[in-house]
Structure formats: structure tokens, C-alpha cells
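Engineer: structure, please.
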Amino acid sequence: MAHQSELIEKDILAYLKSQEEKSLLRFITCGSVDDGKSTLIGRLLWDSKMVFEDQLAALEADSKKVGTQGGAIDYALLLDGLQAEREQGITIDVAYRFFSTDRRKFIVADTPGHEQYTRNMVTGASTAKVAVILVDARKGLLTQTRRHSFLVSLVGIRHIVLAINKMDLIDFDAEKFRRIEDDYREFAEPLGFSSITALPISALNGDNIIEKSVNTPWYSGPTLLQFLETVQVEDDRAGQPFRMPVQWVNRPNLDFRGFCGTIAAGTVRPGDEIRVSSSGLVSRVDRVVTMNGDLDEAVAGQAVTLTLKDEIDISRGDMLTVPEAAPLFTRHPEAHLVWLHDEPLRPGQLYLVKSATGITPGRVTDVPYAVDVNTLEQKQVTTLGLNEIALVRLELDRPVPFDPYRENRDTGSFILIDRFSNATVAAGMVSEAVELESHKAQLAELEPETGSAWTRRISLSELSATSLNVVDLTAEYGTFILEAPITLLAHLEKGNRVLFRLRDLGQLPAVALLAYEHNLAFEFDRTLEGISVLLFKRGNLPQDKVDSDTGTGI
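Structural biologist: Model prediction:
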């Protein structure tokens, strides 16, 4: 193995050039507390000669001061940088480290094993392609081992290294190693991993980390580094349909209007046809602009600015896609949710839902089941506590573009944010992005007799922006569906009434459908001033218009 640190010292340009041609692998270490995750990564850095002289001097001093190895080198201190981590001998935050060999570059995330820091482990796993799950050979599988395994399966990691550590403490017992391996394979069978590679290791002593250990003559598989250098985890995002969430609209002068973002999937070229998720409008790409000039093609992972041939309305939070394979634009995603906050989930409570570059109010409407991380069995719950995982259904304030998480991590994930504290309370992975079947049936019943489909969706967020008590539809034409923001529904739930002004009777079915969907009552009125419909919560029937027609839905 080439001495990377010496090459950096002697010829930095040669080192940088050698790095450009190598593939990059992101992986994480996870497992229960004290299974040796930080020690393992520290040993990898040490044995791959990525520890510089000043780091070595500091490591030797720190090992004597706060180390856990009786004054000997404590490799975990290369990762555990927080004072609390060193005092307690544990990992709290996610630590990222870069190292490289002659064959590959690596970014490794050292994640905490304590249950209370599971939220940090989810953060580290979200970008990884391989998970190294450590198991203490003396203890076997623990609850955190199972929880972390389930989480890495949820975030789409398909290649697992089962690193059975501290084999030196059980005299490299092959029978116990195989028993732990069999137990894990049985547990992980429903999780759908593409590969599980079990390794007998001692992170502290370096057995089967870089070189084959003489203490395991019964083991014929690869060392940890050999596996990491050769595992095939090609990024297939470039072959997927084009997706680019708009991060910023760049308008430096009257002659330029570009849409900035990082391509989440696919490729884009000048002349390609693209579709705006929120409006459905279609245009063609005029230029693909970067700081280094225009490109003939850009691929997933690149940050670019797109200009279009047509002037159409696009803003931050929109997604640019290919017309023939657009994500579903929905208010009702179904997702696996990992609850990350001490305060439990309250179904029906308003949160902020942040997905890609957009933020919209939303709430969890239903929790079909939670998952028991020990048995992977489904259990019925009404709420979620810290670190619990469940399948949930959400209702969003406005439609949002989603892909299933298994197809695209960037466009299939979201977080829930507490509206008052701004704390991130949950991480979600979309399993299905579908419209509710009951909603589809209602639309079918209320389509015009001519058989023409509804042509537009109108969000009431803008129409009711000036007053939550009045919605003016007199300027709208054609057939449409009304999408009510959750803020307006909450206003109605408090007992307030909302007046809809209609252009003609043809708009009445859209308002009636809105009432039906949200279990509201309505009152129809026609005067010389025009047509109006009053919406209100059932049980709050107005008494000032006793001659009006009143309904409780359709």
C-alpha cells in the first residue's frame, strides 16, 4: 500500500491528480454502544497511514490522559473529538473522516451507539452506500444492533458488513462467530439486503482489518479493507428520470433568469423538455450554466443553473422533471417515520414538512402500525416516542412532488419540524406517494357529465391570503378542484366561518366537494350581489339566514 501521507508531503499536485481517478465510497459504522466503532475507524486510519505526525503526537498524549487502554494508543480518540465523548468514552455526534488507498477513496461516518443518539445515526446513514455493523463477540446481537440494521435498510443501504469485533476476548472462537452470523442472517432476512459479509475482527489489535490474521486460520473471506475496496455500489442516479429541486431563482439583471439547484437524478442537456411540478407547464432547456461556463450535459450530483426558452412561473421549492416520468404531485404521502424527539408524536398536530428545497405545513393523520425493532413485527400504536419507527400517512397543506425513497433518496425523503421550537422531530422516507382512493372516487363522481376531466387544482393558500374569512372565486374560469391549506381548515375547526364568492353555479360542485372531504357543513345563498357559499364546522349552523339552503356535504 502506498504511503499516502508521504505523497502528500512530497508532491501535493501528484496526490490530487491520483485522487481524481479513484471512485468514492461512503460508509458508516453502527451498532450498539461499546462495540468498538470508533476504535475500528481509528485503526483503519492508522493502518492506512493517514495519521500525520502532529496528530500522532496529540493522540499519544490524549491516550495517556483520557484513553481507555491503560496508556496505550486509543484509536477511538482519532474520532471522538467532543469533550463529553472523551470524558465518557462514547460517541455522541457523527464524526466524518476521509481516507484513501491505492484503489479507492472513502468517507466514513462514525455514528453513536447509544439509543438516545439514534437521531445522529440516521443522519450519518442517509448518504452511505455500505454499513459496517459491529457486534461485540461476547454479547451477540443487542437491541441497538437490530434497530440500526432496520434503520439502514429503511434508508436504502443494501450492502452490510457484519463485523464481529473483540474476537480476541473469546479466543477467536469459530463456533461462536458462526452462531452470531447465523442469528444475524435469520434476523435480517426480511430486510432485503443485497449482501451480508461477516468478518471476525479485533479492531484494537488489527486482526482482519488490513491484513489477514494468523489467529483465524478457519476464516477464508476478505479483510475489511479488501471488502471496502472491491464492493460494487455504483451510483445509478444518472440513469433515472431527471429531477432538479429549485433552490434559488437567479435574476441578476433584466436579461437573465436562471433556476439554480443540484440535480437529484438523471441528466439534462440544452434542448431537453422539462416540466414544472407545481403548475404542469412544459418548456425546453436553453442553457446549462455553471461557474466554469455552459455545459453540454449535466448529471446527478452537479449544481447547475438552468435557463428556459419560455418565461414561465417557477419559484423555490418547485421541481423540474421530465414530462413523461414526473414524480407524483400529492398531498397524501405514505412514509416510514423515525421519531427523533423526546416529545411524542401527536397525530393531527401541525408540523412543518421540509422536503428537497420546499417547506409546507402538514400533519400525520394516521399511524397504521409501528415496527418492533427486535422482532420486526408490526404493532398497533396511537403515538410515537423517541426512536420509534412507524408507517404513517400525512396530509400536507399543498401538493408536493415525491418519489418513493427506494427510487430516489433526495426526492423521497423529508423531515418534520416543530413550528414553535424549530426542532427537527422526525425523519421520513416515502414508501408510497399516492392520492387517497376515497379522494379519487369523489372526483370521479363529481366530474362534469361531458366526461371531461378536472383541468386544474387551485390552492386556497393564495386566494385566502388577505383574509381567512373570504375566498373570492369570481375571477376563476373552467372546472377545477380546490385544495384547502391546513391553516384554513384549522381556522374553520375553531368555529369560524368562511365565505366563498362564486362566479356562477358551475363552481358549486368544487366547493361542495371541499366540504365533503373535510366533513364541513355549507350554506348556499343567491342574491342580487351574486352567488355565495358559507362553509362552517358542523354544529355551528348560522342562525341569521334561515331561508337559505344548507347541506352537510354531498
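Engineer: got the domain boundaries for the chain?
Structural biologist: As given by automatic domain parsing, the domain ranges for the chain are 4-230, 237-325, 329-434, 438-551.
Engineer: okay, those in a markdown table with mean pLDDT and mean neighbour count next?
Structural biologist: The C-beta positions use only the backbone N, C-alpha and C, and glycine is treated the same way. What follows is these, written out as a markdown table (pLDDT from 0 to 100; neighbours: other Cβ atoms under 10 Å):
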| stretch | mean pLDDT | mean neighbour count |
| --- | --- | --- |
| domain 4-230 | 80 | 18 |
| domain 237-325 | 92 | 17 |
| domain 329-434 | 90 | 19 |
| domain 438-551 | 70 | 15 |
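Engineer: what's the closest non-adjacent residue to Tyr219?
Structural biologist: Pro200 (5.5 Å; Cβ to Cβ, 6 or more residues apart in numbering).
Engineer: which ones are touching Ile312?
Structural biologist: By Cβ atoms under 8 Å, 6 or more residues apart in numbering, the contact set of Ile312 is Val276, Ser279, Leu281, Ser283.
Engineer: most widely separated two among these?
Structural biologist: Ser279 and Ser283 (10.7 Å; Cβ to Cβ).
Engineer: closest to the centroid, which residue in this structure?
Structural biologist: When Cα atoms, centre = their mean is applied to the chain, the residue found nearest the centroid is Ser413 (2.9 Å).
Engineer: re the thing from before, so what's the residue nearest to Tyr219 up against?
Structural biologist: Here Pro200 is in contact with Ala137, Ile164, Met167, Phe172, Ala174, Phe177, Asp207, Asn208, Ser213, Thr216, Tyr219 (Cβ under 8 Å, 6+ apart).
Engineer: one step back: thought the residue nearest to the centre of the chain was touching Gly428?
Structural biologist: Yes. If you go by Cβ atoms under 8 Å, Ser413 and Gly428 touch, sitting 6.6 Å apart.
Engineer: ranges for the strands of the stretch 1-150 of the chain?
Structural biologist: 23-31, 95-100, 104-110, 130-136 (DSSP state E, counting those that start in this stretch).
Engineer: so which elements touch the second one?
Structural biologist: Translated: strand 95-100. Helices and strands touching strand 95-100, by 3 or more Cβ pairs under 8 Å, 6 or more residues apart in numbering; DSSP states H and E, are helix 37-47, strand 104-110.
Engineer: so which elements touch the first one?
Structural biologist: Just to be clear, that refers to helix 37-47. Going by 3+ Cβ pairs under 8 Å, 6+ apart, helix 37-47 lies up against strand 23-31, strand 95-100, strand 104-110, strand 130-136, helix 224-230.
Engineer: quick one: distance of stretch 177-187 to the chain centre.
Structural biologist: On the basis of Cα atoms, centre = their mean, to the nearest Å, stretch 177-187 sits 30 Å off its chain's mean C-alpha point.
Engineer: meant to ask about stretch 414-433
Structural biologist: 9 Å.
Engineer: equivalent analysis for stretch 129-138, please.
Structural biologist: The chain centroid and the centroid of stretch 129-138 are separated by 23 Å, computed with Cα atoms, centre = their mean.
Engineer: now do stretch 100-117
Structural biologist: Chain-centre distance of stretch 100-117: 19 Å, with Cα atoms, centre = their mean.
Engineer: same check, this time on stretch 153-170
Structural biologist: With Cα atoms, centre = their mean, you get 23 Å for stretch 153-170.
Engineer: now the end-to-end length of that stretch.
Structural biologist: 30 Å (Cα to Cα, to the nearest Å).
Engineer: hang on, the earlier thing: tell me which of the contacts of Ile312 is nearest to Ala484?
Structural biologist: Taking Cβ to Cβ as the measure, Ala484 lies nearest Ser279 of the contacts of Ile312, at 18.9 Å.
Engineer: show me what contacts that closest one?
Structural biologist: Ser279 makes contact with Ile312, Asp313, according to Cβ under 8 Å, 6+ apart.
Engineer: for the stretch 401-550 of the chain, which segments are assigned as helices?
Structural biologist: 437-445, 460-463, 486-493, 508-517 (DSSP state H, counting those that start in this stretch).
Engineer: inside strands: which ones of the contacts of Ile312?
Structural biologist: Val276, Ser283 (DSSP state E).
Engineer: which of the contacts of Ile312 sits closest to Thr321?
Structural biologist: Distance to Thr321, by Cβ to Cβ, is smallest for Val276 among the contacts of Ile312, at 8.2 Å.
Engineer: contacts only, for that closest one.
Structural biologist: Val276 neighbours (Cβ under 8 Å, 6+ apart): Val282, Ser283, Ile312, Asp313, Ile314, Asp318, Met319, Leu320.
Engineer: what's the closest of those to Leu13?
Structural biologist: The closest of these, once distances to Leu13 are taken by Cβ to Cβ, is Leu320, at 37.8 Å.
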